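Asker: the sequence and its predicted three-dimensional model are supplied below.
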Amino acid sequence: METTAVQQIVGIRFSKVGKIYHFQATNLPPLRVGDSVVVETARGWQIGEVAQIVKEPMQPPEGGWKPVERVATPRDLLLRQLWQLRELDVVEVCRRRASELRLQNLKVVAAEYSFDGSRLTILYSTEGEERVDLKSLRQDMQRQYAPAIVELRQIGPRDVAKLLGGMGACGLETRCCSRFLTEFSSISIRMAKEQGISLTPTEITGMCGRLRCCLIYEFDTYVEARKGLPKRNKRIATPLGEGKVIDVLPLAGKVRVDIPEVGIREFTREEILAFSEPPVESGTVEAVIEEENIEEYEGGIQPPTEDESGRPEQTTGYPEPSSTKPRRRSGGKGGRRKRGPKKS
């Protein structure tokens, strides 16, 4: 009687703090977390470390799971170390050649060899929106390091900060991206507003020049705590009379209200709800109108927001403030008003 092999899916990480990719290891002995294995990727043969053993069944991707070739031998690990020692020399040669070609906006960050040396990937970043012609640089690197296949791959500013490491703006010796973040979440300016953080660019941007990843850590907590609390500058009814909200304390569940002839008083969420109208439900027309009524950032500019891919919508500087000049009335030909004869 034939027995079917139990499907073994493992999660493999190719860098110390990197994304986990899933592979199939059905034809191999049971693997353990920490084992080094050899797999084929889009960037050639690589040695990765088993980071997790998937016990629950998963939906396979289109085309099925890629298999794990074998468990890495001591010879494979030694071969990878030998190629890694040459990566720093590649970075220096590439930077020198880029300087000779006068590629001023180009920043060569790192180089990565496949474990057998058959592929060489040079990671770089660019400053500004101008496109850099790298055809000559790639050809020179290909001649220099043949027979390895040389590839130039651009990475974003967050990936650059993750590779370089260093101390964070908060004082931690290692930045979050280099310490434990495997993927970058989408960060928006709304997260800073919900938490009452100063919108000064130097306060909310990290070393990479983008919005700090830590803005998302407590965002859900503040959103939940703000439910049932009025917004700042809104007039509400209180047990001591009607007043204006001057500050919101979401974690304490309180608001500070300036009441005429009484002064500034603090009230809890329950006290406010007892004297105010029911809160507007999310998704309604009133909620959409209320969300669109956003206070302008001090100075008339706002830090850049980011889309789902983690890239900023504005790559150079901050967006221009909206114009407050009235529109010119159209009339007559060419959209200009007809003027009468000048008075003497």
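Answerer: Sure, I can see it.

Asker: quick one: the strands in the stretch 1-150 of the chain?
Answerer: 9-13, 20-24, 36-41, 44-54, 68-71, 106-113, 119-126, 149-154 (DSSP state E, counting those that start in this stretch).

Asker: any low-confidence regions in this structure?
Answerer: For the chain, the stretches flagged by pLDDT under 70 are 1-6, 275-344.

Asker: domains in it, by residue range?
Answerer: Under the assignment automatic domain parsing, the domains of the chain span 9-71, 83-155, 159-220, 229-280.

Asker: looking at those, which is closest to residue 77?
Answerer: Minimum separation from residue 77 across the domains of the chain (CB to CB) falls at domain 9-71, 6.4 Å. The way it works is simple: take the backbone N, C-alpha and C, and place the C-beta from them, glycine included.

Asker: in JSON lines, list the strands of the stretch 1-150 of the chain along with mean neighbour count and distance to residue 251.
Answerer: Below are the strands of the stretch 1-150 of the chain laid out as JSON lines (neighbours: other CB atoms under 10 Å; distance: least, CB to CB, whole Å):
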{"stretch": "strand 9-13", "mean neighbour count": "21", "distance to residue 251": "36"}
{"stretch": "strand 20-24", "mean neighbour count": "17", "distance to residue 251": "34"}
{"stretch": "strand 36-41", "mean neighbour count": "18", "distance to residue 251": "45"}
{"stretch": "strand 44-54", "mean neighbour count": "18", "distance to residue 251": "34"}
{"stretch": "strand 68-71", "mean neighbour count": "17", "distance to residue 251": "47"}
{"stretch": "strand 106-113", "mean neighbour count": "20", "distance to residue 251": "40"}
{"stretch": "strand 119-126", "mean neighbour count": "20", "distance to residue 251": "38"}
{"stretch": "strand 149-154", "mean neighbour count": "16", "distance to residue 251": "41"}
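
Asker: okay if I get these as CSV plus distance to residue 264?
Answerer: Shown next, in CSV, are these (distance: least, CB to CB, whole Å):
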stretch, distance to residue 264
strand 9-13, 53
strand 20-24, 51
strand 36-41, 61
strand 44-54, 53
strand 68-71, 65
strand 106-113, 52
strand 119-126, 50
strand 149-154, 53
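
Asker: OK, contacts around the closest residue to residue 77 other than its chain neighbours?
Answerer: Distances taken as CB to CB, 6 or more residues apart in numbering place residue 36 nearest to residue 77, at 6.4 Å, with adjacent residues excluded. Contact analysis of residue 36 by CB atoms under 8 Å, 6 or more residues apart in numbering lists 47-50, 71-72, 76-77.

Asker: what bridges to residue 36?
Answerer: Here residue 36 sits in beta bridges with residue 49, going by DSSP bridges.

Asker: how many residues are close by residue 252?
Answerer: 11 (other CB atoms under 10 Å).

Asker: ugh, wrong one, I meant residue 238
Answerer: Residue 238: 19 neighbours (other CB under 10 Å).

Asker: same deal with residue 171?
Answerer: Residue 171: 6 neighbours (other CB under 10 Å).

Asker: double-check that it belongs to a helix.
Answerer: No. In this structure, residue 171 is coil, not part of a helix, as judged by DSSP: H, G, I helix; E, B strand; the rest coil.

Asker: wait, what's in contact with residue 113?
Answerer: Applying CB under 8 Å, 6+ apart, we find residue 113 in contact with 80, 83-84, 86-87, 119-121, 148.

Asker: swap the cut-off to 10 Å and go again
Answerer: Going by CB atoms under 10 Å, 6 or more residues apart in numbering, residue 113 touches 44, 46, 79-80, 82-87, 90, 119-121, 145, 148.

Asker: before we move on, what about residue 49?
Answerer: Here residue 49 is in contact with 11-16, 18, 33-37, 72 (CB under 10 Å, 6+ apart).

Asker: still on that earlier bit, between the contacts of residue 113, which sits nearest residue 263?
Answerer: So of the contacts of residue 113, ranked by how close each gets to residue 263 (CB to CB), first place is residue 121, at 65.2 Å.

Asker: thank you, goodbye.
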